[in-house]
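Colleague: quick one, fold the following:
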Amino acid sequence: MRRPSVVCTLGSDAALFHVAKAVTGLCRLEAQDRISLILRHSSAIGQHAIVLEWDGTTAGIDLSDHSDRMTPELSNCDLYFKRCVRPEDLKLSDRIRPFGLNYACRSTRATLRLLSLFGPMDAIRRRGAWKKFFLVPLVTEFEREPTRAASPTILFQARLWIPMECLGDERVNEDRVRLLRALRSEFKDRLAGGLVPTLYAKRHYPELLTDHPSRQSRYVRWAREHLISIGFRGLFGSLGFKIAEAFAASQCLVSEPTTAYLPADAPIALYHSTEECIAVCDRFLSYPGEADELRNQAWEYYRNEVEPGAHMAKLLGSIQ
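Modeller: The predicted model follows:
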């Protein structure tokens, strides 16, 4: 039986860190003989965009942080899958659909395919982007099944943005700092992590810096050990990578709501205030049975909706 052919076009300056999961998922489907994959790149496509051609249909994927912006070069695609999409936009047209959760992960096969696609000259020209990509952990390094015991601790590791990066969303830093102070005061040594030691964080909040790994290749192995992961809205209300990472590690994700669409069945314990966040964390630490139930739900959700191969298979299956 002939495998369906999928053509995947990336931007010539593709943000490898952001497109890695989608390419990894497609490469997994190819390795399972479920599709025949053709990779291309084009200067007509932006850094955070992907175009898929399959079964006579074109599907644009927008992986940007902005939920209030559409990507012009995807306007002619039959379908538009947006990572951060507002619920009200989904009501405008059946053409606009949620992409789902993204995070930076890769496989050996995807790495080799991307290197072959862009070539050694691009690796030299964009060595900063490629260096960042090579530090991205493999998919399996994020995964931790709920049958494995978790440390009864709370993971909080956050990056602060310099003012120029968050124009129009300056509160994002204030909210993270306020929550971190409250959780440290309440849970003391049961809270692990802190602020990533960027120059901005070192200058303004030296007392809140993490003393645990922050380089992603080392951070992931340490971060997946904790029972609870604290989530917060991403920049401009985006869906942060932390959500997918928590599901892959079968953690109890305790997160604030975001303005971007997220399915109602996503296994998240939501909080709407600092006090509610503290109460939810205390409940999971005090009642292991409740924590185990949420961990099992997180793992099943990851396997069916988030794992790269399952994610891309579901996306392709929705293209009619």
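
Colleague: now G231: closest residue in space, sequence neighbours ignored.
Modeller: Leaving aside its chain neighbours, G231 sits nearest to S255 (2.9 Å; criterion: CB to CB, 6 or more residues apart in numbering). C-beta coordinates here come from the backbone N, C-alpha and C atoms, glycine included.

Colleague: shaky segments in the stretch 201-320 of the chain?
Modeller: Low-confidence segments of the stretch 201-320 of the chain (pLDDT under 70): 320.

Colleague: could you pull out the strands for it?
Modeller: 226-231, 252-255, 269-270 (DSSP state E, counting those that start in this stretch).

Colleague: centre of the chain to the second one, how far?
Modeller: Here the centre of strand 252-255 is set off from its chain's centre by 14 Å, with CA atoms, centre = their mean, to the nearest Å.

Colleague: how about the last one?
Modeller: The gap between where strand 269-270 is centred and where its chain is centred comes out at 18 Å by CA atoms, centre = their mean.

Colleague: cool, the first one as well?
Modeller: Using CA atoms, centre = their mean, the mean C-alpha position of strand 226-231 is found 15 Å from that of the whole chain.

Colleague: what does stretch 153-172 give?
Modeller: The answer for stretch 153-172 is 16 Å, by CA atoms, centre = their mean.

Colleague: repeat for stretch 257-270
Modeller: Relative to its chain's centre, stretch 257-270 lies at 14 Å (CA atoms, centre = their mean).

Colleague: buried set for it?
Modeller: Buried residues in stretch 257-270, defined by neighbour count with 16 or more other CB atoms under 10 Å: 258-262, 266-270.

Colleague: so which of the strands of the stretch 201-320 of the chain is nearest I162?
Modeller: Comparison of these against I162 by CB to CB identifies strand 226-231 as nearest, at 21.9 Å.

Colleague: of all pairs in the buried residues of stretch 257-270, which one spans the longest distance?
Modeller: Spatially, the most separated pair among these is T259 and P267, at 20.1 Å (CB to CB).

Colleague: between the two ends of stretch 184-199, how far is it?
Modeller: The first residue of stretch 184-199 is 22 Å away from its last residue (CA to CA, to the nearest Å).

Colleague: try stretch 156-170
Modeller: 20 Å.

Colleague: got a list of what R83 touches?
Modeller: Counting by CB atoms under 8 Å, 6 or more residues apart in numbering, R83 touches 61-64, 98-100, 102, 238-239, 260.
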